[in-house]
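Novice: This is a predicted model, with the sequence first.
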Amino acid sequence: SGSFTFWLQVLLFVVWFYTCWCPQGAKAAPNMVANISKVEDAQNFHIYYGETFKVIKNAIDGKSYLLIQDNTRMASRTKYCTARIKSFVIPLSNYSVDANLFPVSFFELLGLLGSLKGITSDSVTSQCVMKLYEGGELEIIKKSVPQEFTHFAAHFVSHTDQTQACNFVNFIPMDEESPLQRAEWIKFLGVFANLETRANQVYDSIKENYLCLTNVAASRTKSFKPIVAWMQYYNGIWSFTEEISKFKYVEDAGGENVDDSINKITYNISNPDDLEQLHAILCTVDVVIDETYTLDPVGYNQSTFLQNIAVEDKSCFAFIANQSLWRYDKRIGNSTSLDWFDGAVSQPQLVLADIIEALFPTEKYTTTYLRNIAKGEDVVTISATMCDRNSSTAMNPTIVTCGSTQQTAKGLL
């Protein structure tokens, strides 16, 4: 009986969906909200529109989110919570987030922090979320107490390997391969708040700025491209990155990834042959971005790096001689939380500008996420006092001046 009821619900939804939906970009039905979002670059979600509802299909987990306008009869009569279909009434009255590597900056760009009422930890890198928490406007919810999640219209998570209640929404931009694909996930969130117009504007400005910077980098006349190595150290082993988005950043900045020319990714420093090979590779590199995780970002410096690569004679390392040894932990909150996993995801144009500066230094551009430990650059500790706007006021994306070899950018708002 239960199984029959479930499949009947699914059948009714499918019939209703395919007889009513209006695909993104198609002519809207007469009563449908005029502002719609069309997914242009992201690969892992799709949006469809009906007269009184929207559907988001998440290609990563196969789930469909049925979003019903709150001023319709359907809102009070329809509720789905199955393995593949969940329904929500929009715009959301409130929401909560799992703070574990969740890019809450997407909500800031939409002006939705005022509706954020719960979070699983205060380990965040948003100064305005910190301000909400310190002002008592934000509740810390315990993952071990599932009942606490029921207080919110939606609970957004970035990890799918946990038991999920009916109001859980999987928001997973990090599974996209390119920086712009990740940034376009602002449209995913905008649909939940009927803020498609704002989401479109933000993404369009970010994409335009990113592509402009890419074109400027491509126009540079150099006899060779700087060689870049993204690498990290863990438990005696150095590894070069295999993350496609990082390769993309280097290519778009006018550089070349060292990984294109090596036949091995990991090197054990306790193995003499591995260590010699690692040193040989590093002697061919112009820029190193050290991704090594540490509980003490403030104390991690060039000496730490040199100790980890077990080198005595560093004379052949061009990236040391030219002072081009970087880390992406410049902006930190609560000692170890990195804004690289938050603001850098929603605003990739700032990351690209940082990498261009690392590859072609002008000494006139202040990086946002990268710090040069070869020059002893310190971290920036984020605090609630740095938030100078109301929680309901949208944060504008930071646009880097583009069109010349010199870069300038206003600070994060």
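Specialist: Right, received. Where do you want to start?

Novice: number of nearby residues for the nearest residue to residue 254 once chain neighbours are set aside?
Specialist: Nearest-residue entry for residue 254: residue 217, 3.7 Å, with adjacent residues in sequence omitted and distances by CB to CB, 6 or more residues apart in numbering. Just so you know, the C-beta spots here come from the backbone N, C-alpha and C atoms, and that holds for glycine as well. Residue neighbour count, defined by other CB atoms under 10 Å, stands at 20 for residue 217.

Novice: For residue 217, which three-state class applies?
Specialist: On the three-state scheme (DSSP: H, G, I helix; E, B strand; the rest coil), residue 217 is labelled helix.

Novice: Could you pull up phi and psi at residue 258?
Specialist: When read as degrees, to the nearest 10, the backbone of residue 258 gives phi -60, psi -30.

Novice: Report the secondary structure state of the spatially closest residue to it that is not a sequence neighbour.
Specialist: Take residue 258 and drop its neighbours on the chain: the residue closest to it by CB to CB, 6+ apart is residue 229, 4.3 Å away. Taken by three-state DSSP, the conformation at residue 229 corresponds to strand.

Novice: Also the one 10 residues further on?
Specialist: For residue 239, the assignment made with three-state DSSP gives strand.

Novice: which residues of the stretch 1-150 of the chain score low on pLDDT?
Specialist: 1-34 (pLDDT under 70).

Novice: residue boundaries of the helices in the stretch 201-350 of the chain?
Specialist: Using DSSP state H, counting those that start in this stretch, the helices found in the stretch 201-350 of the chain span residues 244-252, 272-282, 302-308, 318-321, 343-346, 348-359.

Novice: Please tabulate those in CSV, including the columns mean neighbour count, mean pLDDT and distance to residue 92.
Specialist: Formatted as CSV, these follow (neighbours: other CB atoms under 10 Å; pLDDT from 0 to 100; distance: least, CB to CB, whole Å):
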stretch, mean neighbour count, mean pLDDT, distance to residue 92
helix 244-252, 20, 97, 29
helix 272-282, 15, 95, 49
helix 302-308, 15, 96, 44
helix 318-321, 17, 96, 47
helix 343-346, 25, 98, 19
helix 348-359, 26, 98, 26
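
Novice: Between those, which one is closest to residue 164.
Specialist: Set against residue 164 and scored by CB to CB, the helices of the stretch 201-350 of the chain come closest in helix 343-346, at 21.9 Å.

Novice: other SSEs contacting the closest one?
Specialist: In terms of contact count using 3 or more CB pairs under 8 Å, 6 or more residues apart in numbering; DSSP states H and E, helix 343-346 is assigned the packing partners helix 105-110, helix 179-183, helix 348-359.

Novice: With distance to residue 321 added, can I get those helices in a markdown table?
Specialist: Converted to a markdown table, those look like this (distance: least, CB to CB, whole Å):
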| stretch | distance to residue 321 |
| --- | --- |
| helix 105-110 | 36 |
| helix 179-183 | 30 |
| helix 348-359 | 15 |
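
Novice: Tell me which of these sits nearest to residue 270.
Specialist: Each of those has some distance to residue 270 by CB to CB; the shortest is helix 348-359, at 30.3 Å.

Novice: right, and the helix or strand after that closest one?
Specialist: Scanning forward in sequence from helix 348-359, with DSSP states H and E defining helices and strands, the next element found is strand 371-372.

Novice: Neighbouring strands of whichever helix or strand comes after that following strand in the sheet, and parallel or not?
Specialist: Elements were assigned by DSSP H and E; along the chain past strand 371-372, the next helix or strand is strand 380-381. Strand 380-381 has its sheet partners listed here by DSSP bridges as strand 331-333 (parallel).

Novice: ok, back up a step: relative to residue 398, which of the helices of the stretch 201-350 of the chain is closest?
Specialist: Go through those one by one with CB to CB and the one that ends up closest to residue 398 is helix 348-359, at 5.9 Å.

Novice: before we move on, the earlier item: can you get me a residue count around the residue nearest to residue 258?
Specialist: The tally of other residues near residue 229 (other CB under 10 Å) stands at 22.

Novice: gap between it and residue 287?
Specialist: Plainly put, residue 229 is 7 Å away from residue 287 if you go by CB to CB, to the nearest Å.

Novice: cool, residue 116 as well?
Specialist: Using CB to CB, one obtains 37 Å as the distance from residue 116 to residue 287.

Novice: Ok, residue 68 next?
Specialist: Counting by CB to CB, the gap from residue 68 to residue 287 is 50 Å.

Novice: ditto for residue 206
Specialist: If you go by CB to CB, the gap between residue 206 and residue 287 works out to 24 Å.

Novice: do residue 310 as well
Specialist: With CB to CB as the criterion, residue 310 and residue 287 are 21 Å apart.

Novice: Near the closest residue to residue 96 other than its chain neighbours, how many other residues are there?
Specialist: Distances taken as CB to CB, 6+ apart place residue 118 nearest to residue 96, at 3.1 Å, with adjacent residues excluded. Using other CB under 10 Å, the number of residues around residue 118 comes to 18.

Novice: Confirm that residue 118 sits in a strand.
Specialist: Yes. Going by three-state DSSP, the assignment for residue 118 places it inside a strand.

Novice: wait, doesn't it sit right on residue 143?
Specialist: No. Here residue 118 lies out of contact with residue 143, judged by CB atoms under 8 Å, at a distance of 11.3 Å.

Novice: Identify each buried residue in stretch 377-394, please.
Specialist: Of the residues in stretch 377-394, those buried under the neighbour-count criterion (16 or more other CB atoms under 10 Å) are 379, 380, 382, 384, 386, 387, 389, 391, 394.

Novice: Mind giving me the packing neighbours of the helix or strand where residue 67 lies?
Specialist: Of the helices and strands defined by DSSP H and E, residue 67 is found in strand 64-69. Applying 3+ CB pairs under 8 Å, 6+ apart, one finds that strand 64-69 makes contact with strand 53-58, helix 73-77, strand 85-90.

Novice: Return it as CSV; C-alpha atoms alone will do.
Specialist: Provided in CSV are the C-alpha atoms of strand 64-69 (Å, rounded to 0.1, in the frame of the first residue of the first chain):
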residue,chain,number,x,y,z
SER,A,64,14.4,17.6,-8.0
TYR,A,65,13.3,20.5,-5.9
LEU,A,66,9.7,21.6,-6.6
LEU,A,67,9.4,25.3,-5.6
ILE,A,68,5.8,26.6,-5.2
GLN,A,69,4.9,30.2,-5.0
